[in-house]
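> Take this sequence and fold it.
(one chain, ligands or ions: 1)
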Amino acid sequence: MNIRPEILHTLLCHSSASQSHSELRMGSGASVSEGPRLERQEGGEAEAMRASTPAGRSDTTLQAEEEAAKPESHTLEVQSLKSEEMSPQKEEKKEEEKREKEREEEEEEEEGKEEEVKEETTRTVLSPAPVAESVSESEELSLDFESFLHNNGTLYSCFNHHGNRVYVDEAHKLQPFPKEWFSQGHFISPNTETSTQLQTQTSSQTAVREDDRTGSIYIQGKGTVMTYMFEERVNVCRFWDPHSGLWLLLPLQWEINVEFVKDRVQRVMSTLPGLVDQKEITAALRQCNYDPDEVISLYLTMFGEILLQVPPGGDQNYADLNSFRALLERDRVIEDLKQKLQTKEKDADNLFQRNSYLAREVRYLSEVVQHLNQKLAELEADQQEAREKIRSLLHRRAPAVPPTKTVTKSSVEPDLLRQVSRLTRELNVSNKQLRSTVHQTLNDMKNQLEQLKGAVGKLAQGELEAAGEVEELRSLYRKEAVERKSLYNKLLELQGNIRVFCRCRKSSSSNPCVEKTEDQEVVVVQKGSKKRFQFDKVFSQSSSQDDVFAGTLPVITSCVDGYNVCILAYGQTGSGKTFTMMGNKENPGVNIRSIRELLRICAEKDKVSYTLKISMLEIYNETLNDLLTKNPGAALDIRVQGKSVSVPGLTQIQVQTEADILNVMETGEKNRKIASTKMNTQSSRSHLVVALEVEGSDEVSGLTSRGTLTLCDLAGSERISKTEAEGQRLVEAAAINKSLTALGQVFSALKCNALHVPFRNSKLTHLLQPCLSGDAKCCVFVNVSPDSKDVTETLSTLQFGSTIRQVSLGKATQNVVPAKNKTAK
Ligand SMILES: Nc1ncnc2c1ncn2[C@@H]1O[C@H](COP(=O)(O)OP(=O)(O)OP(=O)(O)O)[C@@H](O)[C@H]1O
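Have a look, this model is predicted:
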């Protein structure tokens with residue numbers, strides 16, 4: 001920069017005067033000084049403080065670090081400075097310095113008088129226009145303004161004039177720049193042209209950071225602000241606020257829109273489609289220093305692989321996600337409870353085994369006691385016998401010595417007698433021993449029995465306790481299972497109990513009149529004008545049967561929990577209703593797939609036993625025909641009882657496997673009225689209603705649930721002129737159109753919450769009343785043809801679908817009752 005000497009002085013005075021406050025406006029180098037020493041602040045708050053003060057120390061430190069990151073340029077600078085110090089012009093420089101000092105002294109003398117004028121000058125210097133004038137008017141002094149960061153942490157303001165350098169010391173006096181300092185620190189970012197530029201550049205230099213971390217966002221009430229992802233100890237996204245001249249922390253809501261963050265949020269979302277809340281992901285990114293991989297692994301650790309799947313409903317809101325998580329949490333708790341239950345059941349099994357072992361032991365010991373008792377009895381009998389023998393011997397000996405008669409020779413030999421008495425003694429001894437042994441054994445047995453009784457008592461007690469615990473766990477499990485189901489159904493309720501999907505038939509037409517623009521939008525082009533329709537999901541020509549089925553899957557599952565579920569296909573003749581509902585053998589439609597899914601779920605729930613019954617009827621020319629009856633022709637009627645609608649006499653066949661169901665459906669299909677129309681060679685001339693009743697009895701909770709899955713393939717809506725129907729076909733077409741009109745009237749009445757809904761205007765609406773009056777969950781497919789010739793029908797079908805979409809069916813009712821004569825296990 002070029003500056004006049006007196007201005008330099010003024011500048012220095014100003015610098016001295018303002019240093020005690022701040023030198024923020026002195027450019028990047030002079031922007032340091034809240035005090036002479038840089039103190040390293042620790043902790044997040046300090047970080048934030050530093051970062052939020054771009055002209056303050058932290059930014060200086062930041063820049064100093066940036067400078068430090070360029071060692072080569074530094075070395076060059078220092079080397080050139082050193083060579084200047086060693087130059088032979090040293091003397092000349094010293095003289096010039098002297099002259100400068102003299103000039104300063106002179107000026108200092110005048111300072112008192114001219115202080116006000118100088119201050120004016122200072123202000124002038126700091127404003128752009130007058131500087132240009134001053135420079136052109138007076139002698140110019142080439143002066144470079146620099147900042148020197150000493151290794152001891154102090155930042156000095158320096159001025160360099162042709163290699164002569166001075167610095168402002170702690171007492172705010174100019175001092176020659178010591179040579180040895182070149183190796184004790186480094187210079188920071190000089191090269192600003194005028195002091196005015198310095199002032200503006202303080203802001204703009206700090207603000208302009210052009211790299212891939214720079215971005216801008218529009219904030220309402222504030223306009224477009226520049227953002228920059230600072231690479232601090234942790235990344236922090238701030239925005240530049242020109243009013244305060246600070247980098248401020250970006251609120252989460254704004255931060256979502258920053259490219260840098262957006263990219264990462266998208267990366268997380270594409271890996272974990274189960275995560276839908278961008279704000280939450282942004283918050284997690286903040287926590288993980290904007291590392292998307294870390295966020296992904298964090299979520300996977302927390303919620304498992306479920307997040308890798310697209311959540312049902314795809315774009316569900318935050319509350320849904322919370323329910324979804326609560327659901328996961330519940331699942332985890334249920335899993336824990338199941339494990340505990342298993343452990344307890346194992347414990348109980350062990351106890352039972354131990355119990356039966358001890359019972360066997362008791363039986364064995366009782367047998368031993370019995371045996372010993374027998375032996376004792378035998379011994380006693382022996383003893384008795386021996387006594388008898390002795391007595392008889394003695395008796396025999398007694399008459400041998402009659403007192404009155406003379407002594408005759410004894411009939412018993414003395415030896416024998418001796419032998420007998422010895423035997424008797426021995427017998428007595430062994431008898432005594434035996435008695436004491438038996439006595440002893442009996443006592444031992446008694447003791448053992450007592451101990452066993454104690455152990456058995458304890459076991460019984462333990463068993464009781466275990467049974468109590470098992471019961472407690474079971475009831476907890478029951479509660480959790482019920483809660484889990486209710487959460488799941490709440491989730492579905494949030495998505496609406498009536499869902500309308502649009503499916504476009506495959507066509508070879510090169511110029512289709514139907515385009516799928518988004519997942520939920522379809523556009524019909526008619527004579528150049530476009531009409532848009534919104535649905536819960538739009539399936540394009542390329543959508544597979546699998547994709548279509550996936551849309552209905554969450555609703556079908558509810559059937560197992562005791563909800564009535566109805567799936568309808570509506571559309572022009574030949575638009576693919578039968579293909580969607582029935583499909584073909586290689587590519588089955590919603591009917592077969594949902595039945596398969598129901599069977600799969602039923603098989604999975606080993607604690608619930610299910611009974612499945614299927615019925616099939618058609619509504620042909622306003623008459624109900626049972627398609628499974630062995631006596632065709634019998635008239636069927638609809639009976640209403642309270643809220644329920646039934647068809648007395650309708651054949652219901654109990655089925656267990658997919659093969660059973662396919663057999664039954666094949667029979668029904670054969671009996672159906674199918675005729676050829678001009679538009680569809682295999683046109684269905686009747687409405688087909690397949691009902692699968694699922695009754696589940698939960699062994700654990702003791703509850704019985706009854707849900708019905710009603711699958712309805714409507715006959716095609718058609719314009720009689722177009723199909724060129726005649727005779728019988730004409731009568732059929734009139735009946736079909738009448739019932740479809742009645743269906744439209746029902747939906748219109750439901751849409752505007754009319755007091756009277758004309759369910760009884762046709763057999764179709766009468767039969768479907770329970771499915772359409774709020775007790776059920778309903779899915780409607782509107783099938784359209786993409787061919788331009790069908791555009792009018794396509795528009796009317798889509799209009800019909802739009803009307804249905806605005807219908808609110810209300811809360812679906814779960815049909816669960818405690819089982820009769822069944823007690824929960
Ligand atoms: N998405 C599709 N992919 C391939 N073929 C399809 C598709 N949709 C319909 N089709 C074919 O178009 C023809 C007419 O379809 P489908 O019989 O299902 O119409 P529909 O609406 O039931 O007619 P109708 O009301 O007259 O019974 C059938 O041959 C069917 O195989």
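> neighbours of residue 794, just the number please.
Other residues within reach of residue 794 by the criterion other Cβ atoms under 10 Å amount to 30. (Each C-beta comes from the backbone N, C-alpha and C, glycine too.)
> next one: residue 482
Look at residue 482: counted by other Cβ under 10 Å, it has 15 neighbours.
> Now it: which helix or strand?
Using DSSP states H and E, the element containing residue 482 is helix 414-495.
> Check residue 349 too.
When elements are assigned from DSSP H and E, residue 349 belongs to helix 318-397.
> returning to what we had before: so what does the helix holding residue 482 touch, helix or strand wise?
Counting contacts by 3 or more Cβ pairs under 8 Å, 6 or more residues apart in numbering; DSSP states H and E, helix 414-495 packs against helix 318-397, helix 545-560.
> and those helices, which one is worst for confidence?
By mean pLDDT, the lowest-scoring of these turns out to be helix 318-397, with a mean of 82.
> Between helix 414-495 and that one, find me the angle.
Angle, helix 318-397 to helix 414-495, by axes from the mean of the first three to the mean of the last three Cα atoms, to 10 degrees: 170 degrees.
> And helix 318-397, what does it pack against?
Under the contact definition 3+ Cβ pairs under 8 Å, 6+ apart, helix 318-397 sits against helix 414-495.
> switch to 10 Å and redo it
Using 3 or more Cβ pairs under 10 Å, 6 or more residues apart in numbering; DSSP states H and E as the contact definition, the elements that helix 318-397 packs against are helix 278-287, helix 292-303, helix 414-495.
> Burial-wise, tell me which of those comes out on top.
Neighbour counts (mean count of other Cβ atoms under 10 Å) averaged over each of the helices and strands packed on helix 318-397 peak at helix 278-287, with a mean of 19.
> What lies in contact with that one?
The list of residues contacting helix 278-287 from outside it, by Cβ atoms under 10 Å, 6 or more residues apart in numbering, reads 234-237, 250, 252-258, 260-262, 264-269, 272, 275, 277, 290-292, 294-296, 298-299, 302, 318, 321.
> Just the buried residues from those residues, in PyMOL please.
A single PyMOL command selects the buried members of the contacts of helix 278-287 (16 or more other Cβ atoms under 10 Å):
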select buried, resi 235+236+237+250+254+255+256+257+258+260+261+262+264+265+267+268+269+272+275+277+290+292+295+296+299+321
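> how near is residue 238 to the ligand?
The spacing between residue 238 and the ligand, counted by Cβ to the nearest ligand atom, to the nearest Å, is 53 Å.
> which bits of the stretch 401-550 of the chain sit near the ligand?
Within the stretch 401-550 of the chain, the positions adjacent to the ligand are 505, 506 by Cβ under 6 Å from any ligand atom.
> Most proximal residue of the stretch 401-550 of the chain with respect to the ligand?
Minimum separation of the stretch 401-550 of the chain from the ligand (Cβ to the nearest ligand atom) falls at residue 506, amounting to 3.6 Å.
> How many residues are close by that residue?
Neighbours of residue 506 under the rule other Cβ under 10 Å: 13.
> That one looks like it's in a strand, true?
No - assessed by DSSP: H, G, I helix; E, B strand; the rest coil, residue 506 does not belong to a strand; its assignment is coil.
> Check the model's average confidence along the helix holding residue 482 for me.
When pLDDT is averaged over helix 414-495, the result is 82.
> How about stretch 518-532?
Averaging the model's pLDDT scores along stretch 518-532 yields 86.
> buried sites along that stretch?
Using 16+ other Cβ under 10 Å as the burial criterion, the residues of stretch 518-532 that qualify are 520, 522, 523, 524.
> Likewise for stretch 348-367?
In stretch 348-367, residues buried by neighbour count (16+ other Cβ under 10 Å) are 348, 351, 355, 362.
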